[in-house]
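Trainee: Okay, here's the prediction I keep looking at, along with the sequence it came from:
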Amino acid sequence: MSNYFIEGGHRIGGELAVHGAKNAALPILAATLLCENSILHNCPSLSDVEAACHILEYLGCDTSRQGDTVSVRWNGAQIHHNIPDSLMREMRSSVVFLGAILSRWGEARVSFPGGCELGPRPIDIHLAALRKLGVWIEEDHGYLNCRVPDGRMQGCELILPFPSVGATENILLAACLAKGETVVRNAAREPEISDLAGFLNACGAKIEIRPDSTIVIEGVDSLARQVEYTVIPDRIAAATYLCAAAITQGELTVTHCEPAHLAAILPHFEEMGCRVITEEDKIHLQGPGQLLPVRSVRTMPYPGFPTDAQSPLMAVSTIAQGTSIFIENIFENRYKHVSELMRMGASIKVEGRVAIVEGVPALHSATLQCTDLRGGAAISIAALAAQGVSEITDIKHIQRGYENFDKNLSRLGAKITRSR
Ligand code: EPZ
């Protein structure tokens, strides 16, 4: 089990190119099942991406990587319509393969995706939508047996009770080859949804994303046999590295990013006293000598403040001069990093969905445990500013979503090492 050792007190500065978006690459990899030969550029090298490739290989594809380009080629050697429990559990978001498998073969057997550190991860919105598209779904001892009795799904109107990202992705993957038109209302609007639609449209699908959270999918009979596509930059990784600069009074430029995707995040950096300048594909941030608190950060579906950036920004707020308030509206259990931050001397009180952070003059090092992907990034950010050397265990969580996390931080001035 690898651990990080981080000596605090070193400024994070310089320039860093942001890797491709994990949460765009994963549904797009599922979508490659609908093509015979896909080439994906800017595909991040992450354990979650590896897990998605393992699922593709089980389903009959060959995958290969050259730098940040991943190629997926259907080999037809073996036909599986199921995803074994072991592979489903390797990556929680593998439920997004369900829509693609049903589009391709009209039948699927997957195990219920496990819950995760963020709490139970229900898929009721996914299943209700698929049933309305004509999928017969039987729940069988922790497995879902799914079948499209007519062989092809039938487009319909869907109104989502919540703009679920994963459910919206499954609907795009299922409806793009359905008979007729599907209209999705109250759909998720995250940039990763647009990127999945962009990939599918590059394959010949007809998906229109409207500004009022409506998506119209006109089912087509088939998609192109081959496609080449570039994944969008990872907005959460960009925000995470900017947090590292903010908490260490550093000066960092993140490049190859999309500033517009961070529109709900950047004002909070300015509120904390950071100087933020954006250019076409760059964001430059200079951390202040003394951080100010954030009055209130409410996590919301896009274009609101993203839940994935809540814990990294909270880490920064622990040493602000004043009280910051966070309201986590998306997941019911996304404060597991709080107890780890408190081991470093942070003063945080959690009441249900609300976390109240009283800034302290300084954090001290501690032995810390990653509780989840973004929580692990958050305690690493806090350790960069803590007095002394912190040890961080279970860093496999971080490696799921951040490419070369320790190497990047080290190159930007951090004193960070990784045990073998
Ligand atoms: C995606 O998860 C992301 N994961 C998450 O990023 C991100 O935090 C989340 O969207 C919100 O933006 C990937 O894209 C792989 P949801 P997803 O369906 O699709 C409830 C990270 O750190 N819900 O929008 O699972 C659900 O319980 C990860 O990179 C239902 O109740 O998010 C949650 O409370 C963490 N029923 C809320 O909706 C359903 O059928 C948001 O879930 C589906 C969801």
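Mentor: That came through, no problem. Numbering: from 1, shown residues only.
Trainee: Next up, phi/psi of the residue in the chain that the ligand sits nearest to, please.
Mentor: For the chain and the ligand, the shortest gap (Cβ to the nearest ligand atom) falls at residue 166, measuring 2.8 Å. C-beta here means a position set from N, CA and C on the backbone, and glycine is covered the same way. When quoted as degrees, to the nearest 10, the phi and psi of residue 166 stand at phi -60, psi -40.
Trainee: who are the neighbours in contact with residue 207?
Mentor: 172, 176, 197, 200, 201, 215, 216, 217, 218 (Cβ atoms under 8 Å, 6 or more residues apart in numbering).
Trainee: interface residues of the chain facing the ligand?
Mentor: 22-23, 26, 93, 121-126, 162, 164-167, 190, 307-308, 330-331, 373-374, 401 (Cβ under 6 Å from any ligand atom).
Trainee: Which ones among the contacts of residue 207 map onto strands?
Mentor: The strands, defined by DSSP state E, take in 215, 216, 217, 218 from the contacts of residue 207.
Trainee: Neighbour-wise, which one of the residues you listed leads?
Mentor: Of all the ones in strands among the contacts of residue 207, residue 217 has the most neighbours under the rule other Cβ atoms under 10 Å, reaching 27 neighbours.
Trainee: That one reaches residue 209, doesn't it?
Mentor: No: using Cβ atoms under 8 Å, residue 217 is not in contact with residue 209; the gap is 9.8 Å.
Trainee: Check which helices and strands the helix or strand bottoming out on mean pLDDT in the chain sits against.
Mentor: In the chain, no helix or strand scores lower on mean pLDDT, DSSP states H and E than helix 85-90, which sits at a mean of 84. Applying 3 or more Cβ pairs under 8 Å, 6 or more residues apart in numbering; DSSP states H and E, we find helix 85-90 packed against helix 47-58, strand 107-111.
Trainee: Relative to residue 389, which of the ones you listed is closest?
Mentor: Closest to residue 389 of those, according to Cβ to Cβ: helix 47-58, at 25.8 Å.
Trainee: Show me which positions of that closest one end up buried.
Mentor: 47, 48, 49, 50, 51, 52, 53, 54, 55, 56 (16 or more other Cβ atoms under 10 Å).
Trainee: now do stretch 14-26
Mentor: Neighbour-count burial for stretch 14-26 [16+ other Cβ under 10 Å]: 16, 18, 19, 20, 21, 22, 23, 24, 25, 26.
Trainee: next one: stretch 191-211
Mentor: Residues of stretch 191-211 classed as buried by neighbour count (16+ other Cβ under 10 Å): 191-205, 207, 209.
Trainee: mean confidence for it?
Mentor: Here stretch 191-211 scores 98 as its mean pLDDT.
Trainee: Quote the end-to-end distance of that stretch.
Mentor: 12 Å (Cα to Cα, to the nearest Å).
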